[in-house]
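Participant: Make a model of this:
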Amino acid sequence: MKHIGYFFRSFVPFLIAVLLQLVVSVPADFIYAALHADKESGILDILDAASSDPFLTQTVNLIYGILALLVFVTWYRRVFVLPARRRRKESGTEGGRPLGFSFHNVLALFFLAIGLQYVTTFVVDAVSRLNPVWLENYHSLMGNAGYAGTALIPVVYSVFLAPVVEETLFRGLIFRYARCALPFWLANIWQALLFGLLHMNVLQGVYAFTVGLVLGFICHRGRGIKYGILLHILFNLVGVFYSGLIELTTALSYSLFIGIGLALTAFALWLFYTDF
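Facilitator: Prediction:
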């Protein structure tokens, strides 16, 4: 029964994340509707326009990110970080903590961030062949939200805020609770599945699930979320500023560079594994 309780507890942070998104987005949509109301447009048309307004989408994401940061970081710190520190202090094993960042593991995470760009490119291409409309919807969604460029708010959110929030939520809370009830591989699949589900888009979901599995392994092996946060930041950084380079290399030789990306990912995972 205790294991079942921990499993269901792992679902609670996900539900709270969804609730926070609704708490921010629903009032924002109706404020937008009130400001843009006119006699010729119905409320549904205005709300549809709101979903396509980049500034509104980015502002909602930023407010959600700040609220989620406060909620989930506080939760993770109180439930897992502080008790662990007290246990180490009481047992006199503070010196036995996991190693911090080193040239070895930072280099591994840097290589992994690049390799994962090719892995996810391959995964997205493979899935989009099942239904090309998914790819069109994905590009339309990213374009309407203003995340196709390098504007300040999207960069701050996707490169810095989202990695901290998502790692704390999925690999910090959901994964840790799930590990109290499940073996590593099942807990990892569970948190990655919820990570993909939160994106509420088929291609983004598959993309996030793939990356989530790797991030789960990194956090498990590194015994903490700090390595996952760094990897997530580096991965998003490459995606924002160097996606054109990834597209150029795959256009030159798709099979060659996808193969290099897979090999680089495997090498980086091995390099990180050997540091612990």
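Participant: all strands of the protein, in order?
Facilitator: With DSSP state E, there are no strands along the chain.
Participant: So, low pLDDT: which residues of the stretch 101-250 of the chain?
Facilitator: Applying pLDDT under 70 to the stretch 101-250 of the chain flags residues 143-150.
Participant: got the contact list for the residue nearest to residue 117 when sequence neighbours are not counted?
Facilitator: Closest residue to residue 117 apart from its sequence neighbours, by C-beta to C-beta, 6 or more residues apart in numbering: residue 246 at 5.0 Å. C-beta here means a position set from N, CA and C on the backbone, and glycine is covered the same way. For residue 246, the contact set (C-beta atoms under 8 Å, 6 or more residues apart in numbering) comprises 117-118, 121, 238.
Participant: Which parts of the stretch 101-250 of the chain are helices?
Facilitator: Assigned by DSSP state H, counting those that start in this stretch, the helices in the stretch 101-250 of the chain fall at 103-128, 132-144, 152-155, 162-166, 175-179, 184-198, 202-222, 226-241, 243-252.
Participant: Just tell me which of those helices ends up closest to residue 276.
Facilitator: Nearest to residue 276, of all the helices of the stretch 101-250 of the chain, is helix 202-222, at 5.4 Å by C-beta to C-beta.
Participant: okay, that closest one in CSV with CA atoms only?
Facilitator: Below are the C-alpha coordinates for helix 202-222, written out as CSV (Å, rounded to 0.1, in the frame of the first residue of the first chain):
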residue,chain,number,x,y,z
VAL,A,202,2.1,14.9,-30.6
LEU,A,203,5.5,15.8,-31.9
GLN,A,204,6.5,17.9,-28.9
GLY,A,205,5.3,15.0,-26.7
VAL,A,206,7.4,12.4,-28.5
TYR,A,207,10.4,14.8,-28.5
ALA,A,208,10.0,15.6,-24.8
PHE,A,209,9.6,11.9,-23.9
THR,A,210,12.9,11.0,-25.7
VAL,A,211,14.8,13.8,-24.0
GLY,A,212,13.1,13.0,-20.7
LEU,A,213,14.4,9.5,-20.7
VAL,A,214,18.0,10.7,-21.0
LEU,A,215,17.5,13.5,-18.4
GLY,A,216,16.1,10.9,-16.1
PHE,A,217,19.2,8.7,-16.5
ILE,A,218,21.5,11.7,-15.9
CYS,A,219,19.7,12.7,-12.7
HIS,A,220,19.6,9.1,-11.5
ARG,A,221,23.3,8.5,-12.2
GLY,A,222,24.3,11.9,-10.8
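Participant: relative to helix 103-128, how tilted is that helix?
Facilitator: Interaxial angle, helix 202-222 versus helix 103-128 (axes from the mean of the first three to the mean of the last three C-alpha atoms, to 10 degrees): 160 degrees.
Participant: so how far is helix 202-222 from its chain's centroid?
Facilitator: In terms of C-alpha atoms, centre = their mean, to the nearest Å, the centre of helix 202-222 is set 8 Å apart from its chain centre.
Participant: contacting residues for residue 21?
Facilitator: Each residue near residue 21 by C-beta under 8 Å, 6+ apart is listed here: residue 64.
Participant: Please list all residues in contact with the residue sitting nearest the centre point of the chain.
Facilitator: What sits nearest the mean C-alpha location of the chain, by C-alpha atoms, centre = their mean, is residue 166, with 4.9 Å. Applying C-beta under 8 Å, 6+ apart to residue 166 gives the contacts 195, 232.
Participant: could you check the distance from it over to residue 211?
Facilitator: According to C-beta to C-beta, to the nearest Å, residue 166 and residue 211 sit 10 Å apart.
Participant: what sits in contact with each of the two?
Facilitator: Contacts common to residue 166 and residue 211, judged by C-beta under 8 Å, 6+ apart, are residue 195.
Participant: re the thing from before, got a markdown table for the helices of the stretch 101-250 of the chain, with distance to residue 88 too?
Facilitator: What follows is the helices of the stretch 101-250 of the chain, written out as a markdown table (distance: least, C-beta to C-beta, whole Å):
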| stretch | distance to residue 88 |
| --- | --- |
| helix 103-128 | 21 |
| helix 132-144 | 43 |
| helix 152-155 | 37 |
| helix 162-166 | 24 |
| helix 175-179 | 17 |
| helix 184-198 | 22 |
| helix 202-222 | 17 |
| helix 226-241 | 16 |
| helix 243-252 | 42 |
